[in-house]
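Trainee: Okay, here's the prediction I keep looking at, along with the sequence it came from:
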Amino acid sequence: MATQTKDYYGTLGVKKNASAEEIRKAFRKLARKHHPDVNPGDKKAEERFKEISEGNDVLSDPKKRKIYDQLGFYSDNIDPATAEAYARGGAGGGSGRASGAGGGAQGVPFDFGGFDFSDFSGAGGASSGRTGTGGFRDIFSNIFGMGGRGPSNEAGFSSGPQAGTDLEYQVSVGFWQAIRGAELRVNISRQDICTTCSGRGYQESTAPCPECGGKGQVTQTSGRMKFNVSCPRCGGSGHSRTVCNVCKGDGVVIRNEPLTIRIKPGTRDGQRIRLAAKGNAGFHGGPPGDLYIIIRTGDHPLFHREGDDIHLTVPVVAPEAALGAKIEVPTIDGRAQLKVPPGTQSGQKLRLREKGVPSATKEGARGDLIVEIKIVVPEARDLKVRELWQQLQKMTPEDPRAEMWRLV
């Protein structure tokens, strides 16, 4: 009997021996790309999101994954006893007769001995006309979920929890806010658990389920075979369910939530702040995603920041550069003295240790202030100044361009 299998590993793009963490990362990456909120109106993205959610639901659960690895498929409609038998049993082939004492083909705990299988439709054959729900394939389609249904059951409720997706928000802060730290108030639009149905996607009444009559199980029959399976309408609770009229069965609704974000002193441009469990709520009881705040810092007309270092261009006059001097320069903490060595050239960079930005990642560390020297030559505004410059030129006859010409 051929079964309709799904390659959940291929769907998530992971190997069969992938760890739980690798599966979680692969799912979150694909979920962010194909989530319906990111692709409004895109039916292909919506179907793709359902596929990866279904794959994650099975592969992230150790017991479900074990059954899937053994059988090549999994369905939530398998009753607990059958699922436990699958988890214990192997996936070895059988001869068509399964032993009820445990361990027939694929570990199925049913005894097929003595049954007449001529009632069931074969390849291209018709049913014998006996009362039932269909052929042999139909029986197993209903039990093991091989009928092609999506992740929801017949009543439209999800078959299992789905993890919420991560969110990313960009927040702009000023130059001084990033250096000194700040607290920001932001409004985040996110999926939150529906309070009307407590995230279940449905509302349950005390009335018995019309499908199973309150038993929580229904019987699938064909010929002499009978199987008790969890009721697909009430999920085995035995109570009548209706789709929540607020969240329309999703279990989540869109809400705006105000959050206070603390910006550490020294936060850099592009730095990501993770707020755990503040992303979109999971579907039908699944865990929420995370919220990532991406910081964008502003500029300053005088200071230029590179990492934790501050760069600054300072003008000096020719005599200060030639003879050396002590000058005052601005820093992010106020004024500081800088020693200009004799013979300093224009474009030369001098360093003031630990006068930069406090590190947001290394406690106690701090960047430097990098000062680039720009030599300013005063104009010869009167004859006396001009004569002095001429005398200086005669005293220093070296050609500053000589080295350049030797390289031509």
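Mentor: Right, received. Where do you want to start?

Trainee: Give me the nearest residue to Y169, chain neighbours excluded.
Mentor: In space, Y169 comes closest to I293 once its chain neighbours are excluded; the distance is 5.6 Å by C-beta to C-beta, 6 or more residues apart in numbering. C-betas here are computed from N, CA, C, even on glycine.

Trainee: Look up how far M225 lies from that neighbour.
Mentor: Going from I293 to M225 by C-beta to C-beta, to the nearest Å gives 58 Å.

Trainee: Give me the more crowded residue out of those two.
Mentor: Between I293 and M225, I293 has the larger neighbour count (other C-beta atoms under 10 Å), namely 21 against 17.

Trainee: show me what contacts the more buried one?
Mentor: If you count contacts by C-beta atoms under 8 Å, 6 or more residues apart in numbering, I293 has them with Y169, Q170, V171, V186, I261, R272, I273, R274, L275.

Trainee: swap the cut-off to 6 Å and go again
Mentor: Y169, V171, I261, I273 (C-beta atoms under 6 Å, 6 or more residues apart in numbering).

Trainee: is the second one in a bridge, and if so with what?
Mentor: Each beta-bridge partner of V171 is listed here: I295, as defined by DSSP bridges.

Trainee: Tell me which residues of the helix or strand hosting the residue nearest to Y169 come out buried.
Mentor: According to DSSP states H and E, I293 maps onto strand 291-297. Within strand 291-297, the residues that count as buried by 16 or more other C-beta atoms under 10 Å are L291, Y292, I293, I295, T297.

Trainee: just checking, next helix/strand downstream of that strand?
Mentor: strand 304-306.

Trainee: Can you pull out the residues in contact with that next one?
Mentor: H311.

Trainee: Can you give me the domain boundaries for the chain?
Mentor: For the chain, automatic domain parsing gives the domain ranges 8-112, 167-297, 304-406.

Trainee: related to what we said a few turns ago, gap between the residue nearest to Y169 and E168?
Mentor: 8 Å.

Trainee: now swap in Q271 and tell me
Mentor: Noted for Q271: a distance of 13 Å to E168, by C-beta to C-beta.

Trainee: okay, these two: which has more neighbours?
Mentor: Taking other C-beta under 10 Å, Q271 and E168 do not tie; Q271 has more neighbours (17 against 12).

Trainee: Might you report the residue contacts of the more buried one?
Mentor: I295.

Trainee: pLDDT at it, what is it?
Mentor: Note on Q271: pLDDT of 94.

Trainee: Same check on I294?
Mentor: As predicted, I294 sits at a pLDDT of 95.

Trainee: For the remainder of this discussion, apply numbering that starts at 891.
Mentor: Fine by me, first position is 891 from now on; the one you just mentioned is I1184.

Trainee: Need the nearest residue in space to it, chain neighbours excluded.
Mentor: Among residues not flanking I1184 along the chain, Q1060 sits closest, at 4.7 Å (C-beta to C-beta, 6+ apart).

Trainee: thinking again about what came up before, using JSON lines, lay out the domains of the chain together with distance to P1051.
Mentor: Converted to JSON lines, those look like this (distance: least, C-beta to C-beta, whole Å):
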{"stretch": "domain 898-1002", "distance to P1051": "7"}
{"stretch": "domain 1057-1187", "distance to P1051": "4"}
{"stretch": "domain 1194-1296", "distance to P1051": "35"}
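
Trainee: what about the residue nearest to I1184, how many neighbours?
Mentor: Counted with other C-beta under 10 Å, Q1060 comes out at 10.

Trainee: mind checking how far it is from F939?
Mentor: From Q1060 to F939 the distance is 24 Å (C-beta to C-beta).
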